[in-house]
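> Sequence below, structure please.
(one chain, ligands or ions: 1)
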Amino acid sequence: MSFDFTLDTTSGAARAARFDTPHGVVETPAFMAVGTLATVKALDPRDLRAMHAQMILANAYHLHLRPGDELVRELGGLHEFMQWDGPILTDSGGFQVFSLEGLRTIDEDGVDFRSHLDGSKRRFTPESVMRIERNLGADVIMQFDHVIPGQSNETDAREASERSIRWLIRCEAEFRRLGNVERGTGNRSSELLAATSDGQLASVPSFPFPVPAQALFPIVQGGIHANLRREAGRAITSSGDWLGYGIGGLSVGESKPDMYAMLDVVHEELPQDRPRYLMGVGFPEDLVESVRRGVDLFDCVAPTRMGRNGTAFTSDGRVNVRRAELRADPGPLDETCECTTCTRFSRAYLRHLFVADEILGLRLLSLHNVHFLVALMRRARAAILDGSFDAWSRDWLARYHSRPTPVP
Ligand SMILES: [Zn+2]
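Purely as a prediction, here's the structure:
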């Protein structure tokens, strides 16, 4: 079997485990850097390897629009295209499509929308999204789900959650159908998948490279309604033996206590022996709090987006490197960080780069921020393994919150 999940040990709800994928093992808890457009912005895959990043993300919606999932497939799939030989996960694009307020219409079969790039008309169905994700060839692919605003009422949240479960069943049927492909023949031109199809079944292609083994993850929705989260967890786990589970619709404007309460509910409903991936959650304090509640995998654009804006994560909270008091500060951004930014450059230099609008500044801060989260999860894993996680996480959170966070 190409996928496996082995629990090493637990500490309360927190888990240290190993997630085996066709492109290598992911030791969890782990933070996955986000490479929406098949690039973790400003970072080379070698940078990611050097900081021990294990698994990264890409986005089906964005890559479908540009450069096109069929082109990525022709060029050997996502791993080859972006020169990342480790595990990759693709998000289905549900979040992006449903964020196109005013640009989309939803029905039971799928979603009509206009491309944010050129306004062209498009349609996503559970089936077409599976074909896109199949073409991209990531190790883990997410189902197409109905995403709603964070504080939706229970009626709307129920409708979206139940539709997402119906769509999951359709995703799986198409995923199975596409899985019955034989090894590629090397003939690149034969029968490309019609990924922009209007939902009709497309022909099953021969791949120009060995057919990738993929795991389809369902997504537990339900907003901030505990009963809906519980029902969704039960319906999904009873609908199949899934290789892992996404937890969606959190960190989208709800309060922290609400988010943590939903994680506690989901933790009770999902099987212990499968990975849980909390989608789009990536502030340091959220990672530590969520590991305490049984989450294994995380992703978020925050470290690279904030890095480009001049904001750094540190063990003492966030720092805006443009702040005047750093002008002559010879110390590192974070004295506990072992990234190449912190081991080589001063706060004064980083401030200078941002004040002078130099491109190296964006790169160095993105590198530090991603490293910070990757290393934070490695540290959490070590603490779970040696039995000190409860004390370590409390101490870490107390230090992180001890200084008021400067506004970026
Ligand atoms: Zn650093």
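
> Where does pLDDT dip in the chain?
Within the chain, the stretches with pLDDT under 70 are 1, 180-211, 404-408.

> center of it, which residue is that?
D299 (3.6 Å; CA atoms, centre = their mean).

> Let me see the contact set for that residue.
31-34, 57, 89, 277, 279-282 (CB atoms under 8 Å, 6 or more residues apart in numbering). C-betas here are computed from N, CA, C, even on glycine.

> What's the separation between M130 and the ion?
Between M130 and the ion the computed distance is 39 Å (CB to the ion, to the nearest Å).

> That residue contacts L178, correct?
Yes - between M130 and L178 there is a contact under CB atoms under 8 Å: 6.4 Å.

> more neighbours, the two?
In terms of neighbours (other CB atoms under 10 Å), M130 is the more surrounded of M130 and L178; the figures are 29 against 20.

> For the more buried one, which residues are in contact?
M130 makes contact with 141, 144, 171, 174-175, 178, 216 under the criterion CB under 8 Å, 6+ apart.

> Tell me how far it lies from S161.
Distance of M130 to S161, given as CB to CB, to the nearest Å: 20 Å.

> Repeat that for D296.
From D296 across to S161, the span is 22 Å (CB to CB).

> Go through the helix or strand where L71 lies and flag the buried ones.
Using DSSP states H and E, L71 sits within helix 69-74. In terms of neighbour count (16 or more other CB atoms under 10 Å), helix 69-74 has its buried residues at 69-70, 72-74.

> mind listing what's buried in stretch 375-388?
Using 16+ other CB under 10 Å as the test for burial, stretch 375-388 gives 375-381, 383-384.

> Kindly report the same for stretch 147-160.
For stretch 147-160, a neighbour-count test (16+ other CB under 10 Å) marks 147-150, 152, 157-158, 160 as buried.

> Just the terminal-to-terminal distance for stretch 51-64.
One end of stretch 51-64 sits 29 Å from the other (CA to CA, to the nearest Å).

> Kindly reformat the buried residues of helix 69-74 as CSV containing distance to the ion.
As requested, those are exported to CSV (distance: CB to the ion, whole Å):
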residue, distance to the ion
D69, 35
E70, 39
V72, 32
R73, 37
E74, 38
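
> what's the closest of the contacts of M130 to E27?
Ranked by distance to E27 (CB to CB), the contacts of M130 are led by I141 at 21.4 Å.

> so the closest one bridges to which residues?
Assessed by DSSP bridges, I141 has beta-bridge partners T90, L216.

> Looks like it contacts L89 (just checking).
Yes - here I141 lies in contact with L89, judged by CB under 8 Å, at a distance of 7.4 Å.

> ok, the residue of the stretch 151-300 of the chain found nearest the ion - contacts?
Ranked by CB to the ion, the top residue of the stretch 151-300 of the chain for proximity to the ion is P284, at 12.6 Å. By CB under 8 Å, 6+ apart, the residues touching P284 are 313, 372-373, 376, 400.

> Give me the distance between it and L57.
18 Å.

> Pull the number of nearby residues for L37.
L37: 15 neighbours (other CB under 10 Å).

> For the closest residue to it other than its chain neighbours, identify the helix or strand it belongs to.
Spatial nearest neighbour of L37, excluding adjacent residues (CB to CB, 6 or more residues apart in numbering): H62 at 5.4 Å. Assigned by DSSP H and E, H62 belongs to helix 60-65.

> Shouldn't the residue nearest to the centre of the chain be within a helix?
No - secondary structure of D299 (DSSP: H, G, I helix; E, B strand; the rest coil): strand, not part of a helix.

> If we ignore the residues flanking it in sequence, what's nearest it?
With CB to CB, 6+ apart, the residue lying closest to D299 is M32, at 4.3 Å.

> Could I get the full set of strands for the stretch 201-350 of the chain?
215-217, 219-220, 245-247, 276-278, 297-300, 311-314, 317-320 (DSSP state E, counting those that start in this stretch).

> So what are the sheet partners of the last one and their directions?
In this case it means strand 317-320. Partner strands and pairing direction for strand 317-320 (DSSP bridges) are strand 311-314 (antiparallel).

> Using PDB, write down the CA coordinates of the strand it pairs with.
Below are the C-alpha coordinates for strand 311-314, written out as PDB (Å, rounded to 0.1, in the frame of the first residue of the first chain):
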ATOM      1  CA  THR A 311       6.100  40.700   9.600                       C
ATOM      2  CA  ALA A 312       8.000  37.900  11.300                       C
ATOM      3  CA  PHE A 313       6.900  35.200  13.700                       C
ATOM      4  CA  THR A 314       9.200  34.900  16.700                       C
END
